[in-house]
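1. give me coordinates for this.
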Amino acid sequence: MSDPLILLPGMMCDARLFAPQIVALSANHSLHLAPLTAADTVEQLAEQVLARALDRFAIAGHGLGGMVAMEIQRRAPERVSRIALIATNAQGETPSAAAAREEQIVKARAGRLGEAIQADLGPDDLADGPHRREILDMVLRMATDLGAEVYTRQSRAMQRRPDQQKTLRKLKIPTLVLCGEHDRICPRRRHEFIATLVRGARLEVVEGAGHLPSLEQPETVSRLLGEWLAAPLVLR
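-> Got it, this is the predicted structure:
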C-alpha cells in the first residue's frame with residue numbers, strides 16, 4: 001500500500017474540486033482532503049495540515065493548495081514521499097496582483113462574493129467545452145458555501161505567499177507538474193519553469209483544460225495522478 005495522499009484544494013474550493021479523482025483513486029489509495037480555510041498565510045495553513053497529517057504522505061495541491069504543498073515540503077521534507085503541483089505558481093505575488101485582490105476583498109466583504117469569484121475565474125479561464133458553464137456554476141456554489149471570511153483569509157494568503165524556488169531546487173522525490181493547456185491564470189510557461197527547477201519532474205499539459213483540469217478533463221487527471229502515485233520513489 002502506498003503512502004496516503006493528501007489533497008489540497010485551490011482557492012474557494014472544497015472536495016468537489018477533486019471529486020472525480022476521489023472516486024477513481026479511492027479503491028487503491030488512502031485519500032485525505034485537507035481544508036485550507038482557517039488561516040490567512042500559507043505558512044499557517046501548512047502548519048495546520050502537518051498537525052493533522054500522518055508521519056509520511058504524498059501530497060497534491062491545486063492553486064493555493066499547491067502553494068501550501070510546497071510550504072509543507074519546505075517545512076517537513078522528510079514526511080513527504082511525492083508531490084503533485086497542479087495549476088499553481090512557485091513565485092510570490094506581484095505587487096499589481098496583490099493590489100487587484102484588495103478590490104475583490106472589498107466586494108466579498110460587502111456582500112458581493114459572487115461578483116468577486118466571477119472576476120477571479122471567468123469562462124475564458126477554462127477551456128471551451130460542453131461542461132464549462134456547469135463547472136463555473138459549481139465553483140460559485142463552492143465559494144458561496146465557504147463564504148466571504150474564507151475568501152478574505154485565502155486572498156491574504158495568496159498576497160503574502162513565499163517564493164518557493166529554493167524549495168523546488170532541493171526536491172528529490174517523484175514530482176508531477178500538471179496544468180491545463182488553456183490556463184490563463186497559471187499558464188503553461190509557469191509550469192515549465194517549475195519543472196526546470198525540479199530534478200526529474202514530470203510535466204503534463206492537459207489538452208482541453210484550463211485552470212480546473214481535475215474537473216474539465218477528470219479521466220486524464222485521474223490517470224496521471226495514478227501513474228504518479230505508482231512511480232518508483234527512487235529517482236534515476
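2. nearest spatial neighbour of Pro123, skipping sequence neighbours?
-> With C-beta to C-beta, 6 or more residues apart in numbering as the criterion, Pro123 has its nearest non-adjacent residue at 6.1 Å, and that residue is Arg132. From N, CA and C alone the C-beta is placed, and that goes for glycine too.
3. number of residues surrounding Arg56?
-> The burial metric for Arg56, expressed as a neighbour count using other C-beta atoms under 10 Å, is 12.
4. strands of the chain, residue ranges please.
-> When secondary structure is read from DSSP state E, the chain shows strands at 5-8, 31-33, 57-62, 80-86, 175-180, 202-206.
5. got the CA positions of the last one in CSV?
-> Spelled out, that is strand 202-206. Provided in CSV are the C-alpha atoms of strand 202-206 (Å, rounded to 0.1, in the frame of the first residue of the first chain):
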residue,chain,number,x,y,z
ARG,A,202,7.3,15.1,-14.9
LEU,A,203,5.5,17.9,-16.8
GLU,A,204,2.0,17.2,-18.1
VAL,A,205,-0.1,19.7,-20.1
VAL,A,206,-3.7,18.6,-20.3
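6. burial count for Gly10?
-> Other residues close to Gly10 by other C-beta under 10 Å number 28.
7. picking that back up, what sits against the residue nearest to Pro123?
-> Neighbour list for Arg132: Pro123, Leu126, Glu216 [criterion: C-beta atoms under 8 Å, 6 or more residues apart in numbering].
8. partner residues bridging the spatially most central residue of the chain?
-> For the chain, the residue nearest the mean C-alpha position is His62 (1.1 Å; C-alpha atoms, centre = their mean). For His62, the beta-bridge partners under DSSP bridges are Ile86.
9. wouldn't it be in contact with Ala87 here?
-> Yes - the pair His62 and Ala87 passes the contact test of C-beta atoms under 8 Å, sitting 5.5 Å apart.
10. shared neighbours of those two, anything?
-> Overlap of the contact sets of His62 and Ala87 (by C-beta under 8 Å, 6+ apart) consists of Gly10, Leu212.
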